[in-house]
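Trainee: just the structure for this:
(one chain, ligands or ions: 1)
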Amino acid sequence: MRLDGKVAIVTGAASGIGKRIAEVYAENGAAVAIADLNLAGAQAVADELKAKGARATAVAMDVTDEAAVIAGVAQVVKDLGGVDILISNAGIQIVNPIENYSFADWKKMQAIHVDGAFLTTRECIKQMYAAGKGGSIIYMGSVHSKEASKLKSAYVAAKHALVGLAKVVAKEGAAHGVRANVICPGFVRTPLVEKQIPEQAKELGISEADVIKNVMLKETVDGEFTTVDDVAQCALFLAAFETNALTGQSLVVSHGWFMQ
Ligand code: NAD
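Mentor: Okay, the predicted model is just below:
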């Protein structure tokens with residue numbers, strides 16, 4: 001399962017899960033574009049990969065901004081010679097009970113998770129179709145693509161939407177050898193989750209330890225967090241898998257929190 005000669009764009013790759021995917025892809029032979037709102041962070045990751053001998057580039061990209069996505073993907077094609085793999089991963093979390101959820105926050109969540117997935121897919125798939133070499137599009141869903149939790153109306157709605165999008169892209173892309181799948185991680189201790197622990201403790205009126213034990217990891221088979229590496233290995237498998245046999249699927253990596 002290697003990615004020699006492939007070019008990957010990973011959004012939100014300046015941090016957390018996206019960063020680890022970029023590292024694992026580079027270790028397995030891919031050239032990697034680190035696309036993020038945070039250009040300094042993206043540059044630091046690209047520099048790290050280049051220092052280890054990989055081909056990498058940093059791209060300033062707000063995935064909610066159509067012009068920025070168009071320009072960013074064009075820059076990657078120019079810098080790295082094409083796009084074979086898209087990891088639509090950029091994301092944020094805003095927790096609040098629905099009666100207090102502001103419309104502005106709701107729209108921001110849909111814009112990053114759903115509009116971002118649409119815009120990056122459209123721009124990358126055009127390149128994949130034109131090159132005629134197929135491709136792999138991977139959406140970073142969540143157990144919340146399958147399950148619900150309190151306080152997460154916007155996130156759960158957005159993550160469910162990605163499953164629908166992946167199924168359509170799988171059908172449309174098949175004739176061109178473009179596959180589309182979703183990875184659905186359980187809780188991973190990235191900055192996105194570290195921020196939520198005190199927020200949820202406050203909203204639910206419980207301790208931070210209880211948020212971890214009785215909210216985040218309660219339904220897992222072993223009380224353990226999923227790791228960035230667990231998710232990156234799944235992303236490697238889905239990107240390296242060569243045929244349309246594996247498309248339109250969701251791969252849940254969550255210590256058994258959600259079982260299909
Ligand atoms: P993170 O906060 O560590 O990283 C997110 C990255 O996305 C950051 O570098 C940030 O700058 C970037 N970003 C945010 N808004 C952006 C935008 N508009 N355009 C481009 N980049 C933007 O978070 P993470 O935990 O690594 O999350 C990555 C993805 O994994 C998200 O989609 C998240 O929903 C999903 N996920 C995370 C977990 C978890 O427990 N951490 C579980 C399931 C799914």
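Trainee: right, and the helix or strand after the helix or strand containing residue 49?
Mentor: Here residue 49 sits within helix 39-51, counting by DSSP states H and E. Counting by DSSP H and E, the next helix or strand C-terminal to helix 39-51 is strand 56-60.
Trainee: given that next one, what are its sheet partners and their directions?
Mentor: Here strand 56-60 is paired, per DSSP bridges, with strand 31-36 (parallel).
Trainee: which residues does the partner strand contact?
Mentor: 6-15, 18-19, 22, 25-26, 42-43, 45-46, 49, 54-61, 63, 72, 76, 79-81, 90 (Cβ atoms under 8 Å, 6 or more residues apart in numbering). For every residue, glycine as well, the C-beta is placed using N, CA and C.
Trainee: returning to what we had before: show me which positions of the helix holding residue 49 end up buried.
Mentor: Judged by neighbour count using 16 or more other Cβ atoms under 10 Å, the buried positions of helix 39-51 are 41, 42, 43, 45, 46, 48, 49.
Trainee: tell me how many other residues surround residue 200.
Mentor: Neighbour count of residue 200, defined by other Cβ atoms under 10 Å: 22.
Trainee: same check, this time on the one 4 residues further on
Mentor: Burial measure for residue 204: 16 neighbouring residues, criterion other Cβ under 10 Å.
Trainee: now the one 4 residues further on
Mentor: Neighbouring residues of residue 208 were enumerated by other Cβ under 10 Å; the total is 13.
Trainee: try residue 221
Mentor: For residue 221, the tally of surrounding residues (other Cβ under 10 Å) stands at 10.
Trainee: please name the nearest non-neighbouring residue to it.
Mentor: Leaving aside its sequence neighbours, residue 221 sits nearest to residue 256 (Cβ to Cβ, 6 or more residues apart in numbering; 3.5 Å).
Trainee: same deal with residue 57?
Mentor: In space, residue 57 comes closest to residue 79 once its chain neighbours are excluded; the distance is 4.4 Å by Cβ to Cβ, 6+ apart.
Trainee: the spatially closest residue to residue 113 that is not a sequence neighbour in helix, strand or coil?
Mentor: Distance criterion Cβ to Cβ, 6+ apart; nearest residue to residue 113, sequence neighbours excluded, is residue 158 at 3.7 Å. Residue 158 falls in the helix class when you classify it by DSSP: H, G, I helix; E, B strand; the rest coil.
Trainee: per-residue pLDDT, residue 158?
Mentor: Note on residue 158: pLDDT of 99.
Trainee: now do it against residue 111, distance only.
Mentor: In this view, residue 158 and residue 111 are 9 Å apart by Cβ to Cβ, to the nearest Å.
Trainee: on that earlier part again, hang on, the residue nearest to residue 221 packs against residue 217?
Mentor: No. Residue 256 lies out of contact with residue 217 (Cβ atoms under 8 Å); the separation is 10.6 Å.
Trainee: out of those two, which sits in the more crowded spot?
Mentor: Ranked by neighbour count (other Cβ under 10 Å), residue 256 and residue 217 place residue 217 first, with 19 against 12.
Trainee: enumerate every residue touching that one.
Mentor: 186, 187, 223, 224, 225, 255, 257.
Trainee: and of those residues, the nearest to residue 201?
Mentor: residue 187 (14.5 Å; Cβ to Cβ).
Trainee: contacts only, for the closest one.
Mentor: Residue 187 neighbours (Cβ under 8 Å, 6+ apart): 193, 216, 217, 225, 226.
Trainee: got the phi/psi numbers for it?
Mentor: phi -70, psi 130 (degrees, to the nearest 10).
Trainee: and what of the one 4 residues further on?
Mentor: Here is the backbone geometry of residue 191 (degrees, to the nearest 10): phi -60, psi -30.
Trainee: would you agree it is in contact with residue 16?
Mentor: Yes. Using Cβ under 8 Å as the test, residue 191 is close enough to residue 16 to be in contact (6.2 Å).
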